[in-house]
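Peer 1: requesting a structural model of the entry that follows:
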Amino acid sequence: MITSISRRKYLSQDRVEHDVFTLLSSDGPLSAARIAQSTASSVPRVLAALDSLCSQGLIQLRYFAPGNSQNRSRCEYQLAHSGLPTVPTGPLDSVAARVHQHLLASPDTGWHIARKLGLPVQTVILGLAALEANALLSYRCVGNIVIFRATPQDEPVHA
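Peer 2: Below you'll find the model as predicted:
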């Protein structure tokens, strides 16, 4: 049974997640301490929100090797991104169409798509970029792995 106190806790945690996501959308990579300071939320609440957003694949954690004067590694959070090159929108070539058909069946990584289709990885990456440019691709980050998923298209856009 959810009491009114625990209900407020859940509602406020959703609000912290929203604030953290909005902040990262506008300000780019930030540390957890900086996010807590900017959102006026406690560090434990911010860490819980960051953990939740990471598990949803909406943000990523980046580690930086020691290189500062204190010789400590640091980490920052940023919005998740596909890592694909930017290409112009337009009709899909045969590779992009094959990749799209593969992804309609099941989500997959770029490297695994290349293996299954017998194509070079760079060719698959360009096909994925074309799908992203035409809004036919979504992705989710799981750690450092990007899992791509096809979004259905209304009408064929093949060349």
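
Peer 1: what are the ranges of the strands in this structure?
Peer 2: If DSSP state E is used as the criterion, the strands of the chain fall at 59-64, 74-79, 137-142, 145-150.

Peer 1: which elements pack onto the last one?
Peer 2: By that I understand strand 145-150. Taking 3 or more Cβ pairs under 8 Å, 6 or more residues apart in numbering; DSSP states H and E as the contact definition, the neighbouring helices and strands of strand 145-150 are helix 94-105, helix 110-117, helix 121-133, strand 137-142. Backbone N, C-alpha and C define where each C-beta goes, glycine included.

Peer 1: include distance to P44 when you put those into JSON lines, please.
Peer 2: As requested, these are exported to JSON lines (distance: least, Cβ to Cβ, whole Å):
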{"stretch": "helix 94-105", "distance to P44": "38"}
{"stretch": "helix 110-117", "distance to P44": "36"}
{"stretch": "helix 121-133", "distance to P44": "36"}
{"stretch": "strand 137-142", "distance to P44": "24"}
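
Peer 1: just those: most buried one?
Peer 2: Across those, the average number of neighbours (mean count of other Cβ atoms under 10 Å) peaks for helix 121-133, which reaches a mean of 21.

Peer 1: poorly predicted segments of this protein, please.
Peer 2: Within the chain, the stretches falling below the threshold (pLDDT under 70) are 1-11, 64-73, 154-159.

Peer 1: repeat the analysis, applying 90 as the threshold.
Peer 2: Along the chain, the model assigns pLDDT under 90 to residues 1-15, 25, 27-29, 40-42, 53-83, 138-146, 151-159.

Peer 1: how does it divide into domains?
Peer 2: What automatic domain parsing lists as the domains of the chain is 4-79, 94-150.

Peer 1: for the most centrally placed residue in the chain, which non-adjacent residue is closest in space?
Peer 2: In the chain, the residue lying closest to the centroid (Cα atoms, centre = their mean) is A80, at 2.9 Å. Once flanking residues are discounted, A80 sits nearest to C141: 4.2 Å by Cβ to Cβ, 6 or more residues apart in numbering.

Peer 1: closest one to R62 among the helices and strands packed on strand 145-150?
Peer 2: strand 137-142 (11.3 Å; Cβ to Cβ).
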